[in-house]
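**Q** This is a predicted model, with the sequence first.
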There are 2 protein chains.
Amino acid sequence: MSMVIDANSIEWRSVCPIASGLDVLGDKWSLVIVRDLFEHGTRTYSEFGESPEGISTNILAARLKLLSSIGIVEHVEPDRASRNNAYQLTSSGLALRSVLEELGKWSQTHLKAMHPDIVSIF
Amino acid sequence: MSMVIDANSIEWRSVCPIASGLDVLGDKWSLVIVRDLFEHGTRTYSEFGESPEGISTNILAARLKLLSSIGIVEHVEPDRASRNNAYQLTSSGLALRSVLEELGKWSQTHLKAMHPDIVSIF
DNA sequence: ACTTTAACTTGCAAAATGCAAGTTAGTGCG
DNA sequence: CGCACTAACTTGCATTTTGCAAGTTAAAGT
């Protein structure tokens, strides 16, 4: 029933910045969404579903709500002449680039043996 | 019933290194365990429970098993004269340092407004 | 031998996830 | 204008994971 839907409902487990980062981003989907936004700059709701991981729409909605409320992602106005709205990274979200880079580098070198098909994107 | 308990049971969602890293480390506890090992070098099972986040023992056991099977953490032999065994980071685990550093730096600068008590550790 | 305690395991309630199927409201077209 | 279309969500519900508390096991100390 209760799910974390905005910044106010986050329970900070400690004062440690690593644990606190994980209180926000420590799940399987949030950084995948952020990655998509790095890759594409801007993305509409349904475009997120096109990524190979296949996020389901309820999770996507919940994560976008949380990431927005934390200020990692923002909703941009639809172009006039289209109803498509879109999401993009804020400066706070853009600051996650090095986290993604380091995680990606680590995975490429340390997971390749167990997951040979892993590729590089950055 | 089924939980991810070792490397063989991981389902890789895609070939993306970021998503793959999250397939392994994308939860609230794995990197907290890794952080503890960076901070203390070596840690026994019950010492993990002393950290302020308060991991419960069943989750701890499951994560240690997974992290071991992936080769991020290893079990070291107890000292003779003590039954205490201990865990430590492998070279693969040590390579996560920059991921933790970047995550910690990001959190300090971008979460402080919502979580003023956040401190610095690296 | 007897107690202690580290290292787990188990049981079960609560929460999160995943899938499929709605719902709602702008748009495009005739 | 009116109706089909579809993007952007929401809802329902089964499955999986989490979290808490209590139990188990076996080595160590006394």
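**A** Received it, and whenever you're ready, just let me know what you need. Quick caveat, the model's predicted, so the values are computed rather than measured.
**Q** can you pull out the helices in chain A?
**A** For chain A, helices defined by DSSP state H occupy the ranges A:17-25, A:30-40, A:45-48, A:57-70, A:91-94, A:97-110.
**Q** Show me what the second one is packed up against.
**A** Okay, so that is helix A:30-40. Secondary structure elements in contact with helix A:30-40, counted by 3 or more C-beta pairs under 8 Å, 6 or more residues apart in numbering or on different chains; DSSP states H and E, are helix A:17-25, helix A:45-48, helix A:57-70, strand A:73-76, strand A:86-89, helix A:97-110, helix B:17-25. To be clear about C-beta, it is placed using only N, CA and C from the backbone, and glycine gets the same treatment.
**Q** how close does A:Asp117 get to DNA strand D?
**A** Taking C-beta to the nearest atom of the strand, to the nearest Å as the measure, A:Asp117 and DNA strand D are separated by 21 Å.
**Q** Sorry, wrong one. I was asking about A:His110.
**A** The gap separating A:His110 from DNA strand D is 21 Å, by C-beta to the nearest atom of the strand.
**Q** now the helices of chain A as JSON lines including distance to B:Ile18 and mean pLDDT?
**A** Formatted as JSON lines, the entries for the helices of chain A read as follows, by distance: least, C-beta to C-beta, whole Å; pLDDT from 0 to 100:
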{"stretch": "helix A:17-25", "distance to B:Ile18": "12", "mean pLDDT": "98"}
{"stretch": "helix A:30-40", "distance to B:Ile18": "5", "mean pLDDT": "97"}
{"stretch": "helix A:45-48", "distance to B:Ile18": "15", "mean pLDDT": "95"}
{"stretch": "helix A:57-70", "distance to B:Ile18": "15", "mean pLDDT": "97"}
{"stretch": "helix A:91-94", "distance to B:Ile18": "14", "mean pLDDT": "98"}
{"stretch": "helix A:97-110", "distance to B:Ile18": "5", "mean pLDDT": "98"}
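**Q** Pick the most deeply packed of those.
**A** When neighbours are counted by mean count of other C-beta atoms under 10 Å in any protein chain shown, the highest per-stretch mean among these falls to helix A:17-25, a mean of 25.
**Q** can you state the direction angle for that helix and helix A:57-70?
**A** 130 degrees (axes from the mean of the first three to the mean of the last three C-alpha atoms, to 10 degrees).
**Q** quick check, helix A:17-25 touching chain B?
**A** Yes. Applying C-beta under 8 Å from any C-beta of the partner chain, one finds helix A:17-25 in contact with chain B at A:17-25.
**Q** what about A:Glu53, neighbour count?
**A** Using other C-beta atoms under 10 Å in any protein chain shown, A:Glu53 is surrounded by 20 other residues.
**Q** And it, what's its pLDDT?
**A** Taken from the predicted model, the pLDDT recorded for A:Glu53 is 98.
**Q** Not counting sequence-adjacent ones, nearest residue to it?
**A** With C-beta to C-beta, 6 or more residues apart in numbering or on different chains as the measure, B:Arg13 is the residue that lies nearest to A:Glu53, at 4.3 Å, once sequence neighbours are left out.
**Q** Distance check, A:Thr57 against A:Phe48.
**A** With distances taken as C-beta to C-beta, to the nearest Å, A:Thr57 is found 9 Å from A:Phe48.
**Q** ditto for A:Gln88
**A** A:Gln88 sits 12 Å away from A:Phe48 when distances are taken as C-beta to C-beta.
**Q** Thanks a lot, see you next time.
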